[in-house]
Each structure stands twice: as structure tokens, then as C-alpha cells.
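*Asks:* fold the stuff below for me.
(chains A and B)
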Amino acid sequence: MTEVTELMRPEGEALNTKEVLLNLGPQHPSTHGVLRLVLELDGEYVERVDPHIGYLHRGTEKLAESFTYTQIFPLTDRLDYLCPPSNNLAFALAVEKLLEIEAPIRAQYIRVLMAELARISGHLLITGALPMDLGAMTALLYVMREREMIMDLLEMITGARMHTSFCRVGGVREDLPDGFLPKIREFCDIFPSRIRDYERLLEDNRVFLNRTEGIGVISPEDAIDLGLSGPNLRASGVDWDIRRDEPYEVYDRLDFKVITRDEGDCYARWRCRVDEMRESIRIIEQCIAQMPEGPFQIDMPTIAFPVDKERVHCSMEALIQHFDLSAYGFNVPAGEVYSAIEAPKGELGFYIISDGSPKPFRMKVRAPSFVNLQALFGVTNARYLADMIAVLGSLDPVMAEVDK
Amino acid sequence: MSVEPSLNRAPIMERFRQAIEDLGTAHGIEVFAVPPEKIVEFCRFLKEDPALKFNFLSDICGVDHYPETPRYEAVYHLYSLPNKWRIRIKCRLGDPPEVPSVTGVWRTANWHEREAWDMYGIRFTGHPDLRRIYMWEGFEGFPQRKDFPLRGYKDKLNPFGAEGPPPTQPDLATRDIP
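*Replies:* Sure, this is the predicted structure:
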């Protein structure tokens, strides 16, 4: 501290201040993980931000080159760990495009249902975490209560709370369990009133509004130039949602509204997510209503594991099939595919180059958080250090996805 | 995925007749091969042409085609928000790989290019800030190249790494923290 005060020694009439380098993170609650920001400060003003990432770099893309396609699903779980079902879905879709197959309709509904549950789970966290970054702790505790309900639902389907790995190439791992539909109906009934609770807690909260409204405005042109996607882009008034514009799975049969806001500030980004949760509930309700009976996995023994696990123990063919798929995997025709979905954070794309073997030659993850975090550079009107924390929180990066 | 109306290739091929190669459509995405010296001009044309408007850069990634030659490749994925089209630009690069940066066309290219530099050693000329992004400054080698061992090279911090040409590892205690 002596150094700083020395720098601020008055000289003549004005204070002779010098810029201060401040290291924020990698262990700091408001960096949402392990982000390190080197800030050049002029008093309370941020002159320059230099984000350092990579503290969580696990080399997902390099690892994937030595894994079979089925083995990669658990790796994708760990990208955006708040919403693993969407990551699984994005990867499964990319491989299915290469194989030129489609999952059965029931499986598609299950995947969409789970992806929307994941979206709610991801958005819930930011709904509570942004106010927490700004000093309002209460909201986070409420959203955790509802996230727990989603965790229970996911556990019911998959047996896992966090890393579900439920998708398979050509379908999903299992059918929905008995007693699941009443549970999720109950959730759909309760949840809208809970969203109302968060709104009541925050939308008239003067401190929260002062800290977010008009802060960190990103214009539509800047947002596109910076590659923002998902709710961050829609909060700047750009009406783009991959679910509607390039419909995958059964999204073209579902009726939902794409939420956009014109303000482009932190509040708009927060608000967009809150409203999207309502739409997700509508999608889930439609999925339950429309979901047909039928197989949950494609009928292709070369790709899909035997549906009836009992058969593996008493039929030689099923045993060989199971062993072959576990040990060797399945060949994927040579080719290249880029497939993107609307993940909770934005455009999640998988670019896969296959050389015809059961392992990808190259897998590139277009991680939305990675691109969204970069936009921290592009926000020019959030000059206070405290505002920058609000902008960072509202951009909602998940460091596991940033660092891949 | 039905994209309608589909992308008209004629004006693109017309304008860059000699320089670029049309690689057809692969799983719903139009693919073009462009030499590195044309990449900035081509991207700017795609972005600014009023009929195309590829204003959204989805992704830039490096690929190592070892042991083929030319060994490296930079792959660009663009999206046109008004037209809902996707396009892939492939740019084969020799060794050492070097390609002009498109940060002047899209600001979002900055980190994508830093990642490709970090992982594959593709040098993007004209990039404002070409530093490593995931690996630490002072790390040697490019981890996603096909000839880089999956577990890295053996040293005092990595006892499970592969034996081999150990890169001259700077002492972690003395390395310069930026």
C-alpha cells in the first residue's frame, strides 16, 4: 500500500496519479471460476482489461482424437457443466449428420426436453449469480432451490445429477423412467410462480437496477462483430435463435417465442434469460404432450448398443455387438461436418473431421462462452471496476467451457 | 436442414475465378478453398456483399493433416444472419504455417486466432496481439499438433509424459509472469 500512496502524492494542485495494475482472480468469486483479469486502473476507472484464461484447460479437443465417438460424450459433459444435456445433444447431432442418420422421434423429444431442462438450470444460475456479484445474496439461494428440483429430475432420468452423458449416437441411453411424467408436470406447474418470485425480488430492486440498467451497453453491430450469440446477442436486439432459424430435432414442431430486448445492457441480458426460462417451460410442456411412444434408439446394431441388456448375457450376437461397440466403436464415414445448436450460452458448434475410423481426426468445439467472454473487450461504456464485474456476470461465461 | 433460398455460388466464383476452388456442399454447408493470400479479401467480400452478408464469424480453427503436405489448414466458419446461410472456408498452409489475420474484418477473430496459434502454431500475420491463450507464456511446442504426444513430454512436473526431445523448459520459478 505504501507504493500506491506514494504514487498519489500531490504535485502542485492536481493529484499526480499513476495507473495501477490490479490482478483480479483466478481465485475470486465474481470471476465465475478461474478467470484472471489483469486490470489497468486509473482510480476506479478501468483503462484496459487483459483476460488470462486457460487455468482449466483440459485439452478436450486433443483428448477426443484418441477416444471413440461414444467415449467423447462424457468429455462434452464437462464443457458447460451447468447444462450437460445440451452439450451431449450438440455432439450427437454432429456425428449423426456424418453418419446421415436421425434419432427416432421419441428420442428427439427426450433430448429436447432434457436440453430445455438444462437451459433452465443454466439460466437459473445466472439469474441468481448476477445479483450475487452485485451484492444481493438472497436470489442465489432461491435459484439453488429450483436447480435442486431440476437436478432431481435429471437424476431420475439418468442416475447422475451433473454429468448426465445421456445422449448416444442415434438416440438416448434409456427410456424415460416410470413416474417421471407426473414429476415433471409438477415442476412445470410450480416453476412459473417461482420465476415470478425472482422477478419480484429483483426487478424493482433499486440497487440492482442502478447497477445493471444502462451499464455495459453493446450495440447490435458490435454484438455481431464480437461474435456474441445466444441471450447475449438477443439482448442487443438481434433476433437470432438457432432453434427457430435452423431447426434441429423437433424444434420445428414446437411453438415458442424468441425473446429479444433492445437495450443491450446488463439488465437486458439478465431479463432475456429470465423470460427464456418461461419459454423453456412451454417447450417442455409441449414435449410432454406431443411425445409419442416408440423406440428411444435407432435400430442399427452397428451403431447402437443392444436395447435389451438381458440379451447380452444370453445371446452370442448381442454379446459380440456389445463388446465390439465398447472396445472398437463404430466407423464413421470420412467427411467434415459443422453442426451448431442453441445451447443456453449461445451457439455451441462441433466441427468434426472424420477419416473413416472410429475416432475423430479432429474435433473442434465452438464454445459460446469462449467467444462471449472475449466481448469484455468490446464493452466501452462500463468504466468503473464495479461495472465491469456486472458486465462479466451478465455475459455469463462458464470457465469450463471457455477453457475446454 | 433446409436452407432456402440457397446460396448462389455464381457471383462468388465469378469474382474470384482463378483464386478459389469450389469444394461443393458438405452436410449442408458450402465449402470453398481459398489460398492464404486471398483470405482477407475473400472474407471482406463475403461480409460486405449486399446479397451475401456473411456478417457473423462462427469459428476459426486450425487443423494438422500430418503427414500430408501441405500440412496445416485454417478453417473458417461463417454465418449470414440475414440469409441464414453457413459457409466454410478452407485454407491450406505450408510449414511453417502463416496466414493473414482477419481481425480487421471481425473483431471476434482475435481469440480464435490466438487459440489456433497456441494449439497449432499457425502464425496470423497482422494480428494485434498474437500471444498464447490457453498454455502459459514460455510453453514450448504446439500441443494439438499430431506429432505432439498426448501426455506431453516428460519433465520434472510431468512424470507421465512421453520420452523424447524435451523442449527447453524454462524454470517455472523464474519464468516471466505477464
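*Asks:* for the residue nearest to A:Val371 when sequence neighbours are not counted, grab the count of nearby residues.
*Replies:* Across the structure, with CB to CB, 6 or more residues apart in numbering or on different chains as the measure, the residue nearest A:Val371 apart from its sequence neighbours is A:Gly227 (4.4 Å). All C-beta atoms are positioned from the backbone trio N, CA, C, and that covers glycine. Burial of A:Gly227, expressed as a neighbour count using other CB atoms under 10 Å in any protein chain shown, amounts to 29.
*Asks:* from A:Asp299, how far out is A:Gly227?
*Replies:* Between A:Gly227 and A:Asp299 the distance is 40 Å, computed by CB to CB, to the nearest Å.
*Asks:* and if you look at A:Gln374?
*Replies:* Using CB to CB, one gets 44 Å for the distance from A:Gln374 to A:Asp299.
*Asks:* when the two are compared, which one has more neighbours?
*Replies:* When A:Gln374 and A:Asp299 are compared on other CB under 10 Å, the one with more neighbours turns out to be A:Gln374, at 25 against 11.
*Asks:* ok, that one touching A:Ser229?
*Replies:* No - using CB atoms under 8 Å, A:Gln374 is not in contact with A:Ser229; the gap is 11.8 Å.
*Asks:* who are the contact partners of residue 120?
*Replies:* No chain specified, so I'll use chain A. A:150, A:191, A:277, A:280-281 (CB atoms under 8 Å, 6 or more residues apart in numbering or on different chains).
*Asks:* not quite, I wanted chain B
*Replies:* Contact analysis of B:Tyr120 by CB under 8 Å, 6+ apart lists B:62-64, B:72, B:97, B:142, B:144-145.
*Asks:* same thing with B:Leu7?
*Replies:* Under the criterion of CB under 8 Å, 6+ apart, the neighbours of B:Leu7 are B:30, B:52, B:83, B:85, B:87.
*Asks:* farthest pair within those residues?
*Replies:* B:Glu30 and B:Asn83 (11.7 Å; CB to CB).
*Asks:* in terms of neighbours, single out the busier of the two.
*Replies:* Set B:Glu30 next to B:Asn83 and count neighbours by other CB under 10 Å: B:Glu30 wins out with 20 against 17.
*Asks:* mind checking what secondary structure the more buried one has?
*Replies:* The three-state label for B:Glu30, taken from DSSP: H, G, I helix; E, B strand; the rest coil, comes out as strand.
*Asks:* that one bridge partners, please.
*Replies:* Residues found in beta-bridge contact with B:Glu30 (criterion: DSSP bridges) are B:Thr25, B:Ile87.
*Asks:* that one and B:Arg86 touch, don't they?
*Replies:* Yes - using CB under 8 Å, B:Glu30 is in contact with B:Arg86, at 7.4 Å.
*Asks:* between these two, which contacts overlap?
*Replies:* Among the neighbours of B:Glu30, none is also in contact with B:Arg86 (CB under 8 Å, 6+ apart).
*Asks:* one step back: what strand or helix carries the residue nearest to A:Val371?
*Replies:* Element membership for A:Gly227, per DSSP states H and E: none, as it lies in no helix or strand.
*Asks:* list the contacts of it.
*Replies:* Taking CB under 8 Å, 6+ apart as the definition of contact, the neighbours of A:Gly227 are A:371, A:374-375, B:56-58, B:106-108.
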